[in-house]
Every structure is written in C-alpha cells, then in structure tokens.
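> Sequence and predicted model, in that order:
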Amino acid sequence: MSAKDLFPSSTMEGKAGAIICPADAQERIARSVHEILLALGENTEREGLRETPQRVAKMFLEIFSGLYEDPQEHLRKQFSADQHSGLVIVRDIRFQSTCEHHLLPVYGVAHVAYLPEGGRLTGLSKLARLVEGYARRPQLQERLTDQIVQAMVDVLEPKAVLVVMEGEHMCMSLRGVRSPGSKTVTSKAYGLWAEDAQARQEILSLMRST
C-alpha cells in the first residue's frame with residue numbers, strides 16, 4: 001500500500017521536503033510585527049517594545065525551523081537487528097508546535113510505536129527528531145500525527161505503526177472557551193495495528209502503562 005493510498009490528499013500537504021527560507025525573512029517579519037503593534041495603538045519607540053519586532057522575527061524563524069528541513073531524513077540512519085522481531089515503543093516524546101489557526105503554542109507528548117520489517121531499525125533519538133521536525137511548523141495536530149506515521153511508512157517500511165499525540169492548545173486555554181488543561185488526543189495506525197483492533201489495543205495499553 002502506497003502513502004497516497006494510506007493518506008488522503010488533504011493530509012499529504014507538506015508531507016516531506018523543505019521549503020526555502022527567504023533571504024529577507026527576518027526583516028519582513030519584523031516589519032509586520034511593527035505594524036501589528038502600531039495597529040494595536042502601541043508606542044513602538046518605548047523601551048520595552050523598541051527591539052520587539054526583531055526579537056519576534058528571530059523567534060518565528062526558530063519555532064518554525066521545521067519548515068526548512070525534511071524530517072524524513074532523520075529516519076534514513078538505520079541499522080539491522082535480525083534477531084529482533086518485536087515492537088519498538090518510544091513514549092512521552094515532548095513536543096512544542098504552533099496552531100496554524102491562531103499562531104498560538106501547542107504543548108504535548110507523542111507516543112510512537114512500530115513493528116520493524118526485516119530487522120530495519122532506526123535510532124530512538126531519530127524518532128524524537130522526526131516528531132520535532134514536523135512539530136516546528138504552523139500545524140494542525142491531526143496533520144502532525146499523520147505526517148509522523150507517513151514518514152515512518154515511507155522510510156522504514158514497517159509491518160505496523162501507531163502514533164498517539166496528546167496536546168494542550170493555547171488557543172483553547174487563552175481565548176475562546178478558555179479551558180486551560182484540556183487535552184486533544186489524536187492517533188493514527190498503519191498496517192497490522194490498523195487492521196487488528198485487539199493488537200492495536202494491546203499496543204495502546206503498553207503506551208499507557210507506567
């Protein structure tokens with residue numbers, strides 16, 4: 001089954017690859033932030049705000065750095081363990097992302113599991129870097145979950161993958177319904193764990209165990 005068969009076109013956007021950061025990105029962002037502050041009625045010449053546009057511009061380029069890399073590349077560092085036929089789970093991978101609807105932070109944890117095919121394994125830290133690479137973009141949590149699974153399917157070609165993400169969205173905590181502490185949970189399964197509900201539940205139980 002190909003990635004195009006596995007994921008509908010709406011989740012293929014930005015599935016891999018990287019975009020080129022414009023050479024004048026920092027200055028353009030700074031000008032825009034300056035205009036926002038003026039539109040709010042602020043005095044951009046007062047001490048506390050004088051350097052804010054440049055600070056925000058640098059911050060944006062940092063927190064959106066995942067736009068300028070292909071996170072799949074982290075998985076291409078592989079090793080073989082022919083004797084290992086069991087699953088691999090990495091729990092509680094902390095991530096920070098940004099909701100693309102309001103450009104407010106999303107904080108949470110990702111739990112990643114896969115069942116290797118042919119002894120093909122990747123380093124545990126590579127899974128964390130994969131999550132980080134896709135998280136550091138303007139995102140939807142649903143798309144982020146799909147992109148992580150898709151990358152693992154494309155590069156590792158495993159028998160099964162399961163990704164569960166739990167995130168707290170500041171756009172719900174700070175505005176709108178103002179519900180701090182509420183968590184959004186998304187998941188995506190592939191292969192054996194998508195087809196076998198009992199097997200999937202076993203993996204989910206392992207992810208939740210302490």
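Looks like it arrived, so ask away.

> can you list the weak-confidence ranges in the chain?
For the chain, the stretches with pLDDT under 70 are 1-17, 82-84, 210.

> where along it do the strands fall?
Counting by DSSP state E, the chain has strands at residues 78-80, 88-99, 105-115, 120-122, 138-139, 160-169, 184-191.

> closest one to residue 27 among these?
strand 138-139 (19.9 Å; CB to CB). Every residue, glycine included, has its C-beta placed from N, CA and C.

> now that closest one, how far from the centre of its chain.
Strand 138-139 sits 8 Å away from the centroid of its parent chain (CA atoms, centre = their mean, to the nearest Å).

> Can you tell me how far the residue nearest the centre of the chain is from residue 129?
Central residue of the chain (CA atoms, centre = their mean): residue 135, 2.8 Å from the mean position. Relative to residue 129, residue 135 is positioned 10 Å away (CB to CB, to the nearest Å).

> which residues in the protein form helices?
Ranges of helices within the chain are 3-6, 25-39, 52-63, 124-135, 141-156, 170-173, 192-195, 197-208, based on DSSP state H.

> In CSV, list the ones you listed along with distance to residue 77.
Listed next are the helices of the chain as CSV, based on distance: least, CB to CB, whole Å:
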stretch, distance to residue 77
helix 3-6, 20
helix 25-39, 29
helix 52-63, 24
helix 124-135, 6
helix 141-156, 10
helix 170-173, 33
helix 192-195, 24
helix 197-208, 24
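
> Nearest to residue 184, out of those?
Among those, the nearest to residue 184 by CB to CB is helix 141-156 (5.7 Å).

> Work out the gap between the closest one and the centre of the chain.
Relative to the chain's own centre, helix 141-156 is displaced by 9 Å; criterion: CA atoms, centre = their mean.

> who does that helix touch, helix- and strand-wise?
In terms of contacts (3 or more CB pairs under 8 Å, 6 or more residues apart in numbering; DSSP states H and E), helix 141-156 is packed against helix 3-6, strand 105-115, strand 120-122, helix 124-135, strand 160-169, strand 184-191.
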